[in-house]
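Peer 1: Have a look at this fold, sequence not included:
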């Protein structure tokens, strides 16, 4: 697949890998529809991409809200006529020891890193089916691929 002229929506596009991906794909001729919570950064990025001759749009998108992912996909289709690729890039990490029992942090990671991807799939898949094509790309941090350090819990366990 060549990327020239393809419409690509990217979550987590306001910084890091998402921002770099948006810049690169736009420089290759893709139309980018950028989603993230930090709209000030998205608006700045859209301005830079369009000033360089690219096509871009921004949508406030919190991946924990299925409606926001639907808005991202809908914006791509309404503004640019289709959606060819959805890149699920938004993610968070909580680094700590298991015995710290950061249950709220674990829940937040599941909400963003797992449910966020599923919300994107739910929004994009009907469009891909109607079009007869489409691609889902998921970005994962290497910290999501590592196993935690072994944990010794019990009387006298030291940190």
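Peer 2: Structure's in. What do you need? What you see is a predicted model; the values in this text were computed from it and never measured. Numbers count the residues shown, from 1 in each chain.
Peer 1: C-alpha only now, for contacts and for neighbours.
Peer 2: Fine.
Peer 1: quick one: low-confidence parts of this protein?
Peer 2: Applying pLDDT under 70 to the chain flags the ranges 1, 143-159.
Peer 1: For it, which segments count as strands?
Peer 2: Secondary structure of the chain (DSSP state E): strands located at 7-11, 31-36, 55-60, 85-88, 135-138.
Peer 1: I'd like those as TSV, with mean neighbour count and distance to residue 109 appended.
Peer 2: Shown next, in TSV, are those (neighbours: other Cα atoms under 10 Å; distance: least, Cα to Cα, whole Å):
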stretch	mean neighbour count	distance to residue 109
strand 7-11	28	15
strand 31-36	28	16
strand 55-60	23	20
strand 85-88	24	14
strand 135-138	15	15
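Peer 1: I'd like those strands written out as JSON lines, with distance to residue 117 added.
Peer 2: Shown next, in JSON lines, are these (distance: least, Cα to Cα, whole Å):
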{"stretch": "strand 7-11", "distance to residue 117": "9"}
{"stretch": "strand 31-36", "distance to residue 117": "13"}
{"stretch": "strand 55-60", "distance to residue 117": "16"}
{"stretch": "strand 85-88", "distance to residue 117": "6"}
{"stretch": "strand 135-138", "distance to residue 117": "7"}
